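Colleague: could you look at this predicted model? Sequence included:
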Amino acid sequence: MTDFADEARSRTAHLLRMANTVDARLRAQIIEYADSTPDPPVMGPTGIATAGCPRCLRTMWRQRDGWVCASCGHVEEELPVRCPNCRTVMKSPPTSAPDRWWCARCSRVATVGDSTTEIENRERGRLEAVRLLDRAMAERADGRGDAEATAVSWAFSAAVTERERLRMERATLRLRA
C-alpha cells in the first residue's frame, strides 16, 4: 500500500485498524469515540502541542485558532501559562512566533506544557550564562586572560538560546558605548 492511500484513510479506519479486533461492541465504541472527538492536528515542524483541559483534565490539541479538547470538545482561545515564581500569567508569544511565553516581572521563559522544574532549570541556565558573560567582560576589560575569556564566551553561547544571546550582546554594546 502506498503512503498516499494510507493518508487518505479516515481517522476511524486508522483506529479500527490499530485495534485489530472483530468484537462488534468494541468496534462500535471506537467508531463512537472517533465521531464524537475532534481530529488531532497535523504534525507540524515542532510536533503536536498538547496541554491539559481545564474542564475534564484530559488532552487538548493546539489548533490554528486555539486549543480543542480531544475528549470533551471544550475550546479555549489561548491557555494561560503561569510563572512558577511570581504566580502571574505570562505574556503570550505573537501569533507567528515560536511558543515562548515570558514573565514580565521576573523574565522567566516557558513553553506550553513546561513543568515548574523545566522553567526553573531554564532560568538557572540563563542566570549562569549571565554570570559567565559578566566574568568574560571583566576579564577582557582587565586585558588579561583572553584565552580564558574566549572559553567563557563559548560556554555562554552554548548555555542560552540565540534570542537571549543577541539580547545580551546588545546590552553589552550599549555598556561599551
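Modeller: Structure's in. What do you need?
Colleague: where does the protein dip in pLDDT?
Modeller: For the chain, residues meeting the criterion pLDDT under 70 lie at 1-8, 38, 40-47, 64-65, 113, 143-168, 171, 174-177.
Colleague: roughly how far does the residue nearest the centre of it sit from Ser71?
Modeller: Among the residues of the chain, the one closest to the centroid is Thr111, at 3.5 Å (CA atoms, centre = their mean). Distance, Thr111 to Ser71, by CB to CB, to the nearest Å: 23 Å. Just so you know, the C-beta spots here come from the backbone N, C-alpha and C atoms, and that holds for glycine as well.
Colleague: what's the answer for Ala141, then?
Modeller: Applying CB to CB to Ala141 and Ser71 gives a distance of 58 Å.
Colleague: just want to know which of the two has more residues nearby.
Modeller: Ser71 (16 against 10; other CB atoms under 10 Å).
Colleague: over to the nearest residue to the more buried one once chain neighbours are set aside: give its phi and psi.
Modeller: In space, and not counting its chain neighbours, Ser71 is closest to Arg58: 4.0 Å by CB to CB, 6 or more residues apart in numbering. For Arg58, the backbone dihedrals (degrees, to the nearest 10) come out as phi -100, psi -160.
Colleague: before we move on, what about Ser115?
Modeller: Per degrees, to the nearest 10, the backbone of Ser115 is at phi -80, psi 170.
Colleague: how many neighbours does the nearest residue to Ser10 once chain neighbours are set aside have?
Modeller: In this structure, Ser10 finds its nearest non-sequential neighbour in Ala34, 7.9 Å apart by CB to CB, 6+ apart. Using other CB under 10 Å, Ala34 has 16 neighbouring residues.
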